[in-house]
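Novice: Got a sequence here, can you build the structure:
(3 chains)
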Amino acid sequence: MRTLELEIPDWPGHVAGQHVDVRLTAEDGYRAERAYSLASAPGEPAVITVERLENGEVSPYLTQNVRPGDAFEIRGPIGGYFVWRPDDGGPLFLAAGGSRIAPMRAILRHRRNSMSEVKARLLYSSRTLEDVIYREELEGEEVFHTLTRAQPPGWTGYSRRVDVDLLREVAWPPEHGPLAFVCGPTSFVESVAAGLVEIGYPPGRIKTERFGATGGR
Amino acid sequence: MEALDGNAIGGTLYDVFGREMTMAQAECGGCGARGPVAECEVYLGGPGVVVRCRVCHSIVIVLVQVREMMCIDCGGLSDLELPTWR
Amino acid sequence: MKKETDTSFVSRGFRGRRRDAAGDPARVPPGQSVTRDFPVLSAGPTPHTPLDRWTFSIEIGGTLRTWTWEEFRALPSEPVTADIHCVTRWSKLGTAWEGVSVDTLLAEVDHDASYVLAFCDGGYTTNLPLEDVTGGKAWVVYTFEGEPLDPEHGGPARLLVPHLYFWKSAKWVRGLRLLDEDEPGFWETYGYHMYGDPWREQRYSGD
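Specialist: Predicted coordinates for the structure are as follows:
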């Protein structure tokens, strides 16, 4: 996992939840493009977090080869659906799977920076504790962790894949009129969104963002 | 492969339409279901991008890059409403 | 929105997941690079037709000949080892399949068609000249590397036409429609080449 701070000329700033498309071009013209959510809040420098994937094409380059001063092409900021502004209200229920914590971090930081009174809860699903990123920073928030593959000794958090019962325990009750954001691998998003509907969230109050099965490429 | 959603092609759609499109309301020509483009199923199919209705899976949009030109076929949509004034 | 419009922008040291593209030029067509993976690319959800409902048909107007899965598996089959080339620029060398030669299937029907349109579960189609699916150049395969073909890669059966770009090797194939004239299939309708010879880099219409 690597965090990259991008210096982008004429950067217009971004809204929490937006992403950028990164394009890499090889000497022979071969190109690869991937989307990365901005992990920083509006007003902060643009930051993306990249998880290195085994069979990845772009992530090994971004996590291992890129050095400060290197340049690549960016398109963005992109997105008007999976975004949150303080005026959108809440309370917020954020659910992130795997390495897709970035847009949630952006939203949470923006909430704090703008002194919003909107309450927020984060459900963060990871395979192991080592996979959890921004862990210390998130300790200042109301976070529920679930570790699905292995848990450290003495672990008091959840230790299973998110299911309806888990959601009933951690999500804001629907009577509070919450706004939910769910981001992660497609299967995670489908199961969490369906679970939230089952506990009574109106589908129109659930925003979803699906990335590939391995959480990106 | 698992389908992504319209968020994944937000940048491409911006380039094609010249504006943010994930919030546009798409109406499926197959079953009439309406929803934001962000919630449509997206298959990054190799030769091109295929966007399908989440409800009935029929094709609503196809995007193909032919050399330097991006071609978009929205024939599978019966309506595409772009949010403007707020 | 674009931050860079300079088309000569190169990312220092980026190569993608490809091995040295300086592989054997006799085996790697221009513009291609060899990969060890087997990328899964699809235009739609993976179909799951139960084998007891699966059929393969040859049609011309109506149906000329149909095989059930059992009948199909009883046909003479052969192993095929081939290099495959995807239009998205990856090539995979020495892939191992097993299946029925299209010659075997067409031998059972009487026709004078010049073209075929392969049709598939999920609605995908692709067109080919008859002479490119006969003479030992094409198969309907159901085994990959010794195992039943995975649904993600086109199982239970897909078309295999290795001498053309891999979009012509239609996944989830259910039959061939015989035609007098060439008719564009799914990607061909959107601007991909009607023929698709990787050795002449026929990726798009007009190439």
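Novice: I'd like to know how many residues surround residue C:60.
Specialist: Residue C:60 has 17 neighbours, counted by other CB atoms under 10 Å in any protein chain shown. Just so you know, the C-beta spots here come from the backbone N, C-alpha and C atoms, and that holds for glycine as well.
Novice: Enumerate every residue touching residue B:32.
Specialist: Residue B:32 makes contact with residue B:78 under the criterion CB atoms under 8 Å, 6 or more residues apart in numbering or on different chains.
Novice: now swap in residue A:181 and tell me
Specialist: A:17, A:82, A:84, A:92, A:93, A:94, A:95, A:103, A:104, A:107, A:207, A:209.
Novice: which of these count as buried?
Specialist: A:17, A:82, A:84, A:92, A:93, A:94, A:95, A:103, A:104, A:107, A:207, A:209 (16 or more other CB atoms under 10 Å in any protein chain shown).
Novice: In helices, which of the residues you listed appear?
Specialist: Among the buried ones among the contacts of residue A:181, the residues falling in helices (DSSP state H) are A:103, A:104, A:107.
Novice: And the strands in the chain, which stretches?
Specialist: Defaulting to chain A. For chain A, strands defined by DSSP state E occupy the ranges A:2-6, A:19-25, A:31-37, A:46-50, A:73-78, A:92-97, A:120-126, A:143-147, A:179-185, A:206-211.
Novice: my question was about chain B
Specialist: Assigned strands in chain B, in chain order: B:4-5, B:25-28, B:34-36, B:41-44, B:49-52, B:59-66, B:69-73, B:77-81 (criterion: DSSP E).
Novice: okay if I get these as JSON lines plus distance to residue A:123?
Specialist: Converted to JSON lines, the strands of chain B look like this (distance: least, CB to CB, whole Å):
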{"stretch": "strand B:4-5", "distance to residue A:123": "20"}
{"stretch": "strand B:25-28", "distance to residue A:123": "29"}
{"stretch": "strand B:34-36", "distance to residue A:123": "23"}
{"stretch": "strand B:41-44", "distance to residue A:123": "24"}
{"stretch": "strand B:49-52", "distance to residue A:123": "28"}
{"stretch": "strand B:59-66", "distance to residue A:123": "31"}
{"stretch": "strand B:69-73", "distance to residue A:123": "36"}
{"stretch": "strand B:77-81", "distance to residue A:123": "33"}
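Novice: Just put these in CSV and tack on distance to chain C and mean pLDDT.
Specialist: CSV is the format used below for the strands of chain B (distance: least, CB to the nearest CB, whole Å; pLDDT from 0 to 100):
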stretch, distance to chain C, mean pLDDT
strand B:4-5, 11, 95
strand B:25-28, 14, 97
strand B:34-36, 17, 96
strand B:41-44, 5, 94
strand B:49-52, 4, 96
strand B:59-66, 4, 95
strand B:69-73, 6, 92
strand B:77-81, 16, 95
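Novice: okay, the ones you listed in JSON lines with mean neighbour count and distance to chain A next?
Specialist: Converted to JSON lines, the strands of chain B look like this (neighbours: other CB atoms under 10 Å in any protein chain shown; distance: least, CB to the nearest CB, whole Å):
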{"stretch": "strand B:4-5", "mean neighbour count": "24", "distance to chain A": "4"}
{"stretch": "strand B:25-28", "mean neighbour count": "20", "distance to chain A": "11"}
{"stretch": "strand B:34-36", "mean neighbour count": "17", "distance to chain A": "5"}
{"stretch": "strand B:41-44", "mean neighbour count": "21", "distance to chain A": "8"}
{"stretch": "strand B:49-52", "mean neighbour count": "24", "distance to chain A": "12"}
{"stretch": "strand B:59-66", "mean neighbour count": "21", "distance to chain A": "11"}
{"stretch": "strand B:69-73", "mean neighbour count": "14", "distance to chain A": "13"}
{"stretch": "strand B:77-81", "mean neighbour count": "15", "distance to chain A": "14"}
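Novice: Spatially central, which residue of chain C would that be?
Specialist: Centrality entry for chain C: nearest residue to the mean C-alpha point is residue C:169, 0.8 Å, by CA atoms, centre = their mean.
Novice: where do the strands sit along chain C?
Specialist: Using DSSP E, the strands found in chain C span residues C:33-34, C:55-60, C:62-68, C:78-85, C:90-101, C:115-120, C:125-129, C:139-144, C:147-148, C:158-160, C:173-179.
Novice: What pairs with the fifth one, parallel or antiparallel?
Specialist: Spelled out, that is strand C:90-101. strand C:33-34 (parallel), strand C:78-85 (antiparallel), strand C:139-144 (antiparallel) (DSSP bridges).
Novice: now do the second one
Specialist: Take DSSP bridges as the rule and strand C:55-60 pairs in its sheet with strand C:62-68 (antiparallel), strand C:173-179 (parallel).
Novice: Name the stretch among those strands that sits most buried.
Specialist: strand C:173-179 (a mean of 21; mean count of other CB atoms under 10 Å in any protein chain shown).
Novice: Now find how far off-centre that strand is within its chain.
Specialist: 13 Å (CA atoms, centre = their mean, to the nearest Å).
Novice: Could you tell me the angle between it and strand C:115-120?
Specialist: Using axes from the mean of the first three to the mean of the last three CA atoms, to 10 degrees, the direction of strand C:173-179 lies 160 degrees away from that of strand C:115-120.
Novice: where does the chain dip in pLDDT?
Specialist: I'll assume chain A. Chain A contains residues with pLDDT under 70 at A:212-217.
Novice: Hmm, no, I was thinking of chain C.
Specialist: Applying pLDDT under 70 to chain C flags residues C:1-8, C:17-23.
Novice: domains of chain A?
Specialist: As assigned by automatic domain parsing, chain A contains the domains A:2-78, A:86-211.
Novice: And chain B, is the first one touching that?
Specialist: Yes: under the criterion of CB under 8 Å from any CB of the partner chain, domain A:2-78 makes contact with chain B via A:19, A:20, A:21, A:35, A:75, A:76, A:78.
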